[in-house]
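# okay, predicted coordinates and the sequence, questions at the end:
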Amino acid sequence: MKALILSGGKGTRLRPLTYTGAKQLVPVANKPILWYCIDETVNAGVTDIGIIISPETGGEVKAKTGNGELFGANITYILQERPAGLAHAVGVARPFLGDSPFLMYLGDNLIQQGDLSHFLKVFSQNQQDALILLRQVSNPSAFGVARVDETGRVVQLIEKPKDPPSNLALVGVYFFSHTIHDAIANIKPSTRGELEITDAIQYLINNQKHVVACQLEGWWLDTGKKDDLLEANRLILDTYLKTSLSGEIDAQSQVIGRVKIGNGAKIINSTIRGPVIIGNNCYIENCFIGPYSSIADNCTLIETDVEHSVLLEGAKIVGIHQRIIDSVIGQRALLSATPRRPKALRFLIGDDSQIELT
């Protein structure tokens with residue numbers, strides 16, 4: 001059994017963060033999204049992992065993730081020259097995959113930990129050609145949607161239908177036998193110009209192959225947008241964070257609830273109310289850090305209130321006297337107040353940024 005994790009694409013929905021980095025490396029609870037996928041795969045017993053990378057961000061993914069030693073895995077990097085669809089990515093990975101059965105995991109998706117092991121066992125025991133995961137959603141038109149019969153066998157897959165036949169969306173985790181390669185060889189690009197994995201699975205269905213669906217009962221998030229990223233951060237902190245207080249916390253500070261503070265961090269005259277994670281070598285003075293906040297390494301916060309937000313490495317916030325909520329702040333970004341007149345707002349804002357003022 002092998003695994004194929006997709007870490008290509010351009011991450012347009014998370015711009016401007018993804019102009020300078022891979023969307024799969026954006027952190028949730030101070031850990032890259034991609035690493036959750038790798039950990040979950042290894043915990044399910046699959047350690048031979050191929051990672052699809054793009055020319056634009058592949059170097060960063062390789063440099064940060066390494067050869068797999070960090071995870072107890074063996075990682076092979078596979079270059080997809082252009083974003084030509086999920087099925088195209090499988091085709092590019094064929095030399096790595098051979099005729100081995102494999103699981104495919106979209107590297108910007110998160111599912112509840114432990115679920116992958118269960119579904120891998122179901123797939124392995126029943127010798128299926130494909131096993132897909134479905135989740136009930138309130139907006140099925142935004143997803144690939146499945147129609148299944150009463151036995152759980154998949155009848156039809158439809159990509160983002162205007163009139164959905166069900167509310168069962170395709171989760172970004174798939175299990176395939178070697179028969180998927182023949183299916184990919186027999187499909188044509190969609191109207192988007194891409195080889196769609198839904199078309200390849202539909203080919204299996206049309207040719208009476210054994211395609212089964214299982215419903216995912218735990219949570220699932222596609223972290224491609226800011227609000228989804230914040231929700232993933234909330235769920236991870238809510239579910240898995242354990243208290244660990246390193247660094248220096250002065251006598252005037254309060255730490256309440258489940259909070260993790262990294263090595264070298266300094267907390268001065270501040271209140272930290274968990275669940276909160278604060279990285280290494282952060283400096284926090286005269287601040288309130290509220291629930292569901294993740295602050296990466298080397299951040300500086302002075303005279304600031306932050307809640308339900310994600311700060312990436314090296315971000316600095318000084319003297320902002322309105323509470324910052326529901327925000328994602330990029331690497332080395334600076335937010336500050338200045339006393340000089342005229343009192344005005346001054347911005348240097350990159351492409352595709354979003355600013356809300358009240």
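Nice, thanks for sending it over.
# okay, how far is it across stretch 59-75, tip to tip?
For stretch 59-75, the first-to-last residue distance is 14 Å (Cα to Cα, to the nearest Å).
# can you tell me what sits against that stretch?
Residues outside stretch 59-75 that contact it (Cβ atoms under 8 Å, 6 or more residues apart in numbering) are 7, 21-22, 24-25, 32, 34-35, 38-39, 41-42, 47-51, 53, 77. The way it works is simple: take the backbone N, C-alpha and C, and place the C-beta from them, glycine included.
# switch the cut-off to 7 Å
7, 21-22, 24-25, 32, 34, 38-39, 42, 47-49, 51, 53, 77 (Cβ atoms under 7 Å, 6 or more residues apart in numbering).
# what mean pLDDT does it have?
Averaged over stretch 59-75, pLDDT sits at 93.
# how far off centre is it?
Stretch 59-75 sits 17 Å away from the centroid of its parent chain (Cα atoms, centre = their mean, to the nearest Å).
# what sits against Lys266?
With Cβ under 7 Å, 6+ apart, Lys266 has these contacts: 247-248, 283-284.
# host element of Glu356?
Per DSSP states H and E, Glu356 falls between elements, in no helix or strand.
# for it, give its distance to Gly59.
Using Cβ to Cβ, to the nearest Å, Glu356 is found at 34 Å from Gly59.
# with Ala183 instead?
From Ala183 to Gly59 the distance is 32 Å (Cβ to Cβ).
# those two: which is more packed in?
A side-by-side neighbour count of Ala183 and Gly59, using other Cβ atoms under 10 Å, places Ala183 first with 24 against 13.
# SS state for that one?
Assigned by DSSP: H, G, I helix; E, B strand; the rest coil, the conformation of Ala183 is helix.
# isn't it up against Gln202?
No. Ala183 sits out of contact with Gln202 when judged by Cβ atoms under 7 Å, with a separation of 8.5 Å.
# inside helices: which ones of the contacts of stretch 59-75?
34, 38-39, 42 (DSSP state H).
# what about these, which one has the most neighbours?
Of these, with other Cβ under 10 Å as the count, Ile38 tops at 25 neighbours.
# dump the residue contacts of that residue.
5, 49, 71, 73.
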